[in-house]
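Peer 1: Next input, structure requested:
(chains A, B, C, D and E)
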Amino acid sequence: MSVNLKQGPFEPLIIAFCCNWCSYAGGDLAGTGRMTYPANVRVIRVPCSSCVSSNFILRAFQRGADGVVVAGCHPGDCHYTSGNYFARRRFLLLQRFLEFLGMEPERFQVHWISASEGNRFAAVMTETTEKIRALGPNRKLRDTR
Amino acid sequence: MKITRDNLCSSIVKEIAEISGENVAGCYQCGKCTAACPVNTVMDILPHQVLRFLQLGLVEALLNCNTIWICASCFTCAGRCPRGVDLPGIMEALRLILLRKRGFSRIKAGVIPRVADKGMPEQALVSAFRKYTR
Amino acid sequence: MKRIGVFVCWCGTNIANTVNIEAVTEAAGKMPGVVYAGNYKYMCSEIGQSKIKSAIIREKLDRFVVASCSPRMHESTFRKTAAAAGLNPYLVEIANIREHCSWVHKNKGEATAKAIALIRAAVAKAARDKELWATQIPVEHRALVIGGGIGGIQAALDIADAGFEVDLVERTPSIGGHMAQLDKTFPTLDCSACILTPKMGEAASHPKITLYTYSEVEKVDGYVGNFEATIRKKARSVDLEKCTGCGICWEKCPSRVKSEFDEALSMRKAIYIPFPQAVPNVPVIDRASCRWFTREKCGICRKTCPAGAVNFDQEDEVLQKKYGAIVVATGFDVLDLDDFGEYSYGKHPDVLTSLEFERILNSSGPTGGRLLRPSNQSPPKNVVFIQCVGSRDKSRGKPYCSKICCMYSAKHVILFKEKYPEAQAYVFYIDIRTAGKDFEEFHRRAVEEYGALYLKGSAGKVFPDGDKLLVKGVDSLSGHALEIEADMVVLATAIKAKSDAPQLARLLGISTDTHAFFMEAHPKLRPVEAHTAGIFLAGACQGPKDIPETVSQASGAAAKAIVLLSKENLLSDPCVSEVNESLCTGCLACIKVCPYSAITEKTIEEKIHGKALQRRVAEVNVALCQGCGSCTVSCRPGAVNLKGFTNEQIMAEVDAICL
Amino acid sequence: MKKITKEKLALFWELLARRATLYLPLQEDGVVNFAPWKNGARVNLRENSLVPPKNVFFPQAETYLRFQTGAKKLQLESLEPEEEFILFGVRPCDVASFTILDKVFLEEPVDGLYAKRRRLGTLVSLGCNEPGETCFCTSFELEPAFAPGADVMVWDMGEFLLWEAQSEKGDELTAKINELLDEAAPEESASALSLRNTTAAGEAAAGCQQEWNTAGLQEVLRGKFNVELWEKLYHRCLGCGICTYLCPTCHCFDIQDFSRGLEGERFRCWDSCMFAEFTLMASGENPRPTQKERVRQRFLHKLLYFPSKYGLYACVGCGRCVRKCPVHLDITQVMEPIK
Amino acid sequence: MKQLSERIKEAAFGSLSSGQVEMVIGWQKGPLWWQSFPAFITDPGETASLIWDPFSVSNLNKYLLNEVPKKKIALFLKGCDALGFNQLLRDGRVEREKVLLFGIPCDGLVDPARVEATGLSKGLLQVKKEREELVFYYKEGQRKAPARDFYYSKCLSCRYPNPVTCDEMLGEAVPCQPLERFANVSKLEAASLEERFTYWSRHFSRCIRCFACRNVCPACSCRECIFDIAEPRWLGKAKESGETLFYHITRAYHVAGRCVDCGECARICPLGIPLAELNRKFIKDINELYGEYDAGADLDKEAPLLTFKSDDPDVSA
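Peer 2: As a prediction, this is how the structure comes out:
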């Protein structure tokens, strides 16, 4: 079994957890508007950004993600009113903690993208992919098997 | 500055309303008159301020300003006023009070040759005299 | 082993142009658990769906994945397809290879690889799908309305008219609320009492409405469709049945106390009705000021009551009632002006709040409608109205706009000028906000017809000057600092939430905003619902409102309640959280993060090493849970899982998508 | 007997490491553990390692099978260690622990992975000059400064190390590095013997307070499965794995799979009888439901079950558990009341 | 300390013999100078064996999770233990009315490693504390040294030397002179990303997953830990750096906002991994971002991860 680092020029793998009501819909809108962003991004749909456990984020890194994005409704706009406020605290602490352990902070990002922000969705995904491409493959949490 | 009902409803305020036929209370100070006025840059009290002064009963300040004389009665302000206030009419009322009641003359025949250029139509001079003198 | 089917949709050329359908179908066929993979031009079409149905039967599929457009588009379609083929509809997963793939990527190789990854994740998730069933929750066909102001009255009437029983609980001795205190209403200048009292009477006599005045809700348990409320009927000391409302008792009563209804501008008796049109027209004894109760002397009311209705021994009565829906219409309070010393409020009798002014204007008020200066009973010639007292003031007051002050100040100007045409009204305002039908016109009338001088700016100081009040203010339009000699000053005091709103919120399990107004479930789309299912909001308890808004929100809340009450059973979305009790430690962190108060604690008994032990665990109320999943993350051992999005499922998706 | 002066050690490590992977007690952040030597590593020959060197023969986790599942066929590939290595600086107690592990892993059915590693490794033992505070190897009739099971025996004599091959493998290794070894003078060789004698004279004599009379312990413990002592003893156990993971003789393991899509690998990894899930069955049943049963198991396994089966105690008196148990469940003490 | 020791015996005897409690949890002494360990006593006659000495470091309150008393259990709490007790209380893991708490003011405890580092341990028989000094007893005689020189570093930065909760205080309150507790965190924060990664990788590479750090932690009180659960298996058992990192991130994250900073995780780690610094990073960040919060002490405040403010700092990059 390989270490899952593909041959050829480095193509980052970005896993994006998107809340169903805003960011996933924003992603849909990016599609309907035929905007483009790199195919490196793969989206997992969750009901709310507050439903994204650090376990999933770390798991993605272990299993080969070079970057992880969590996207949710803008603060104040949560479909469930308060979910993203809790998420905001959880993720800010996690982000700073990962940085403390020596992970590049760019690898774990949180963005607020509304259902109407298809362009923002595409822009965030493009930007993130480019940033991570520049950083190179993540080896720090990755399972070496 | 003290504001009293007497000032607000002084006879001169009533007279202005009577001459112009306008209720200055109609103005809500959006400032469109001033914004539209082609000569606002040379006025010392701006058109909307004229109305505000009247709402506050501050007539004397208006009788001493240059605005009422600079106003050419082009009616741009009146045409654009969302409240339908006839500001040129009020300007006219202020002028009339000065001219009729106080014997004020804005221009005197003696200065005309100096200020008028040669091409000025006589009709303009005549109407200026009608407008600016007793 | 699972038997998973994968159906790849071309979406005409929408997907097929960018994604290599054949390659994707082939790859899908090799995924773990997949026993069939096929593709078709339009999966969502009748033919497409029948292909799925026949494959389910032919291949004995026990779940399937559709790789197509966004699940937000056709998830429900394919769930129905599953149901039609005899599969539980929650055994379907969608891989979004259109919006999230073919439409946003240009390179066919990349898009194909990504489509495969997305399908792999969906397959991994589907393999862990479980059959889910909506639960049925019976509905108690009765409503509780808390608050007997115009909002509560309207909601109660609407619900009752729809044929459901309503209990209307009001804390004070009479229904009517603030509206009963008002003289006229803007912008029509209808007499407030004239339009309110018929409604009060209607509520009192409605066969489906039970009034509980002088009563309070003490406890609410249960959940949507099945609330159980504890109502305390405070001892009125007067028998509701026997009393005829003749009024002899309060005429004879020797104790005088400041009238709450008249904003302390008049005196009432210890046995009293708050105002002449009170409903019910039955007095209460205010035991704190009654001589019988404080000194055990007197008893005049009991002696004089021709009906023998006075009963000093009456005790509080506590009722337990069941309800399917609750409408909260508890109204508002007026801001306390202790922090606004510059207005001399409380120091000079001629400085009044708008509500006090309203009482003075009112013909049934303390002055019998004669508008006179409280200090010397002379007619006022100059009255200064100051708006935004405490509103839009983030340092000493409330940062929000109280919304009704611009309009009632205009109304006050007009009423004042109607009484004293020769007098002058001055209004200090910061902005004039007259959004409402006929509102701007009404305001302009105050300015233009009634000659009120509106001064843009605020008053900085109000202080006595002889027998007058000197108001120092500014007209920021002309840039003049002003002084006005006034006979009266009326302060448009900010509206605030009821001071005990947070307690009520806790009791109901709903939330309040930063200003203690009750929070609506969604500011735009669910403005009359509270977060907690089955609880609805009406009127100023949710934020400052005028009468028509209150009435319409009350009708909206009533309509929502009626929708709920008219159902025999509620069907709940099965994608809700569930607690694995054996893993649950009972830390109850989940309760703290649940926006819907859907999680409660319960005690379970279990045998550990032969000993029966009791311990607390979390319990999800499926009727209240909306499926956000916030609780799942707050649970460290993962004892709480969101059905349809379990930890195991998301983890499997992560593993699969990262391959 | 040979010797090597300490100045030459750096060169010596380099030479050894060129022959095979060289495991040495290396110090990092104040902790000494056996690890492959690399240039610049800090070798500590004074202290015994914290984690016993059993992990060189029996790693904490080792993959031994790779698999690939397709739609129909299953492909398997076995893995086994290939690399020769030298394990230098193992204390005699830890060398004795290999004898115990050998009983478990080398008797039928033979554990191929362990057996292969035993074949691939050359064991160089370093005698102890002075017992540690928690040492009690003499309680098990071991010699602090002599390890019969080692391929080479080494003694630290201050300025130099004495080197004596004790097996064929030891001779081979000696031959390979002969260039750096000098012949020891007779009186130098004799000093090794005197060191053996002084240390063997008893740890008590050398200032050690841990002396544990294990005579007849096995007999005493027989039939003590249900005594009340266990009821009292287990309370303070935190249920962590320190004692078992730091024990040179503990050898329990678990088998786990790791998979990534259709590919995967199977590995074995240390497990600890102190953990609740060690005996947890898939049904949810747990035959050792509380820490009491687990603590009892650990002590009885070492001192009763193992000796009953193999004829020797599964404890070598290295003192690691005594030193590191956070609640001082000291094996030398807790058995006293039973006696 | 002698006095305190006596008071502990008295308190234990009193509460057991009066029938007020059915078990007392305290400390007993082993044969070696540093061996002080938790003791569980049900017989009043055995209370004389209880001790209090500079090595009574074990936190006793977590044992409450295993015991199911019919009546009450009495136990002794130091300042740090009291914080942990409150956290267990908050997590609903102990019932207040089932315990009788004796508070012990504690100005610091001795780290045997520091004694060893000075060479004082050779032939050492006993260590006693006399006022501000430690007295080291040997066969040949005794030596003295300032006590604070030998304290655990966690004790030197202790901010709650006196228990914040108890039913009865044994002994006088001691002064609190904590050293800056975030010094190491700040130092690491100032280092480069790679330096930090190397630092933590080196430390984590030693981890043997004995779970002692978890088992000793008063904030880790789950009935079944996420790391032990087989389905789904979050933490594999391989010796993989990624998994070890997952373990340490998750352990620290799970106690974020709940860690009482007692430092037991770092003290207990047999491999010397500075685990408390991970917890302190969270504490420091929480204090900076959401306002000072002392888990176990600030009982009127909501735990920082279970609440929010609408104007919290944003996480968006």
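
Peer 1: Could you report the pLDDT at the closest residue in space to C:L371 that isn't next to it in sequence?
Peer 2: Leaving aside its sequence neighbours, C:L371 sits nearest to C:K419 (Cβ to Cβ, 6 or more residues apart in numbering or on different chains; 5.1 Å). (Each C-beta comes from the backbone N, C-alpha and C, glycine too.) pLDDT, C:K419: 94.

Peer 1: same thing with B:A116?
Peer 2: 68.

Peer 1: With C:E529 instead?
Peer 2: 93.

Peer 1: Count the neighbours of residue 105 for me.
Peer 2: The chain I'm using is chain A. 13 (other Cβ atoms under 10 Å in any protein chain shown).

Peer 1: Please refer instead to chain E.
Peer 2: 18.

Peer 1: Surely it is in a helix?
Peer 2: No. Membership of E:P105 in a helix is not supported by DSSP: H, G, I helix; E, B strand; the rest coil, which gives coil.

Peer 1: Pull the contacting residues for it.
Peer 2: Counting by Cβ atoms under 8 Å, 6 or more residues apart in numbering or on different chains, E:P105 makes contact with E:G79, E:P161, E:N162, E:P163, E:M169, E:G171, E:E172, E:A173, E:V174.

Peer 1: what are the phi and psi angles of it?
Peer 2: phi -70, psi 140 (degrees, to the nearest 10).

Peer 1: which residue ranges form the strands in the chain?
Peer 2: If you meant another chain, say so; for now it's chain A. With DSSP state E applied, chain A shows strands at A:14-19, A:41-46, A:67-72, A:108-112, listed in chain order.

Peer 1: hm, I was asking about chain B
Peer 2: So, for chain B - with DSSP E - the strands run B:2-3.

Peer 1: quick one: low-confidence ranges for it?
Peer 2: B:113-116 (pLDDT under 70).

Peer 1: Spell out for me which residue occupies the centre of it.
Peer 2: Within chain B, one residue has its C-alpha closest to the average C-alpha position: by Cα atoms, centre = their mean, that is B:M91, at 2.2 Å.

Peer 1: cool, chain D as well?
Peer 2: D:P248 (3.0 Å).

Peer 1: how close does it sit to D:E130?
Peer 2: According to Cβ to Cβ, to the nearest Å, D:P248 and D:E130 sit 20 Å apart.

Peer 1: same question, C:L537
Peer 2: C:L537 is 80 Å from D:E130, by Cβ to Cβ.

Peer 1: Near chain A, which residues of the stretch 201-339 of chain D? Just list them.
Peer 2: D:F258, D:R260, D:E263, D:G264, D:E265 (Cβ under 8 Å from any Cβ of the partner chain).

Peer 1: Now do the contacts for C:L182.
Peer 2: Per Cβ under 8 Å, 6+ apart, neighbours of C:L182: C:S192, C:E358, C:N362.

Peer 1: Hmm, I typed the wrong one, I wanted A:T129.
Peer 2: A:T129 sits in contact with A:P12, A:I14, A:Y37, A:P38, A:N40, A:V41, A:G67, where contact means Cβ under 8 Å, 6+ apart.

Peer 1: repeat that with 10 Å
Peer 2: Taking Cβ atoms under 10 Å, 6 or more residues apart in numbering or on different chains, we find A:T129 in contact with A:E11, A:P12, A:L13, A:I14, A:Y37, A:P38, A:A39, A:N40, A:V41, A:D66, A:G67, A:V69.

Peer 1: Leaving out chain neighbours, which residue sits closest to the closest residue to chain C within the stretch 151-300 of chain D?
Peer 2: Nearest residue of the stretch 151-300 of chain D to chain C, counting by Cβ to the nearest Cβ: D:G261, 4.6 Å away. In this structure, D:G261 finds its nearest non-sequential neighbour in C:L659, 4.6 Å apart by Cβ to Cβ, 6+ apart.

Peer 1: likewise C:A122?
Peer 2: C:A95 is the one closest to C:A122 (Cβ to Cβ, 6+ apart), at 3.9 Å.

Peer 1: Show me the beta-bridge partners of C:V327.
Peer 2: Beta-bridge pairing of C:V327 under DSSP bridges involves C:V145, C:F536.
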